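Peer 1: here is my input, please return the structure:
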Amino acid sequence: MAHSGSFNPIEEHRIEAILPSMYYIPNFITADEEISILRNIPESRWVSLSHRRVQAVPSRLTAKNALLASPMPKWLTHPMLCRFDSLGLFKDAPHGVNHCLINEYLPGQGIMAHEDGAAYHPVVATLSLGGTIVLDVTEKVPVAADGEVVDARTLPKKKVWRVLQEPRSLLVTMDSAYTDTLHGIGDVAEDFDLNQYSIANWKLLGDPAVIEANGGRNKREKRISLTYRDVKKVSTIGSKLFGKA
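Peer 2: Alright, predicted model coming up:
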């Protein structure tokens, strides 16, 4: 179907129930591309944390939340970055994608509710590989002014959404969804009560029949996530180390 020149193709993938703007794209990469990425993740670079393993590419941020400028490997950028460009992702970011955090979650592992924070341009694109999980998205609690006492009973009830992330899918978060929500993954071995009423992106799923056939359940398997961002503060020291200066 033809669209006008002002139409942004990513709008077809908006999760309408959540604050603007969160998007879900099933089958963003092919099964062969998924296999290729998984094979290229270097085993020696994993860092073990209490509930998951991580890799930061090209490196971890410094104590001042700066990134040492250095190139990202092709297996992490191709064909993903070209597809990001076709959707207009990171078009307003100062550097484009310059960082990727790789997380590995085993069944029963998760991460507490958190936000990505001000070190990054407020757009994040997460590619899911391997298993399916449920991401819990929670509206932030309003922060009281200094010295002000807030009665919790007077606060509006926090909104909570559940987003199902299938293998090879892309989840994009920006705008208010980036700044005004927290996101986390429950440390469970199985997700329950998955249906059109409980899952915010149900209508956008690639294959909801799989979940329906399992009675609204999802048994967790090992999942790898690739989280693409633009780190705002970049140090050229990294360029000098890699002979780019």
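Peer 1: now the helices: where do they sit in the chain?
Peer 2: Assigned by DSSP state H, the chain shows helices spanning 31-40, 74-77, 80-86, 175-179, 208-213, 237-241.
Peer 1: flag the shaky bits of this structure, pLDDT-wise.
Peer 2: Residue ranges of the chain with pLDDT under 70: 1-7, 143-156, 237-245.
Peer 1: try it again at 80.
Peer 2: 1-7, 141-157, 237-245 (pLDDT under 80).
Peer 1: can you tell me which of the helices of the chain is nearest to residue 102?
Peer 2: Comparing those against residue 102 with Cβ to Cβ, the closest turns out to be helix 74-77 (8.4 Å). Backbone N, C-alpha and C define where each C-beta goes, glycine included.
Peer 1: in that closest one, what's buried?
Peer 2: 76-77 (16 or more other Cβ atoms under 10 Å).
Peer 1: contacts for it?
Peer 2: Contacting residues not belonging to helix 74-77 are listed as 36-37, 40, 57, 97, 100, 226 [Cβ atoms under 8 Å, 6 or more residues apart in numbering].
Peer 1: and it, C-alpha only, in CSV?
Peer 2: C-alpha atoms of helix 74-77 as CSV (Å, rounded to 0.1, in the frame of the first residue of the first chain):
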residue,chain,number,x,y,z
LYS,A,74,30.0,-5.7,11.5
TRP,A,75,28.1,-8.7,12.9
LEU,A,76,26.4,-6.3,15.3
THR,A,77,25.7,-3.5,12.8
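Peer 1: tell me what the most centrally placed residue in the chain is bridged to.
Peer 2: Of all residues in the chain, the one closest to the mean position by Cα atoms, centre = their mean is residue 126, 3.1 Å from it. Beta-bridge partners recorded for residue 126 (DSSP bridges): residue 171, residue 227.
Peer 1: residue 235 versus that one, what's the distance?
Peer 2: Distance, residue 126 to residue 235, by Cβ to Cβ, to the nearest Å: 25 Å.
Peer 1: try residue 22
Peer 2: 31 Å.
Peer 1: more crowded one of the two?
Peer 2: residue 22 (27 against 16; other Cβ atoms under 10 Å).
Peer 1: OK, contacts around that one?
Peer 2: 14-15, 137, 163, 171-174, 177.
Peer 1: residue 222 too?
Peer 2: When contacts are counted by Cβ under 8 Å, 6+ apart, residue 222 touches 104-107, 130-131.
Peer 1: please apply the same query to residue 8.
Peer 2: Residue 8 touches 87-88, counting by Cβ under 8 Å, 6+ apart.
Peer 1: now with 6 Å, please.
Peer 2: residue 88 (Cβ atoms under 6 Å, 6 or more residues apart in numbering).
Peer 1: for PyMOL, write a command that selects the buried ones of the contacts of residue 222.
Peer 2: To isolate the buried members of these in PyMOL, using 16+ other Cβ under 10 Å:
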select buried, resi 104+105+130+131
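Peer 1: just the ones of the contacts of residue 222 in strands?
Peer 2: 104-105, 130 (DSSP state E).
Peer 1: so for stretch 196-209, first residue to last residue, what's the gap.
Peer 2: End-to-end distance for stretch 196-209, by Cα to Cα, to the nearest Å: 11 Å.
Peer 1: over to stretch 211-226?
Peer 2: 23 Å.
Peer 1: okay, buried residues for that stretch please.
Peer 2: Residues 211, 218, 220, 223-226 are the ones in stretch 211-226 that count as buried (16+ other Cβ under 10 Å).
Peer 1: mark which of those residues are part of strands, please.
Peer 2: Using DSSP E, the buried residues of stretch 211-226 in strands are 218, 223-226.
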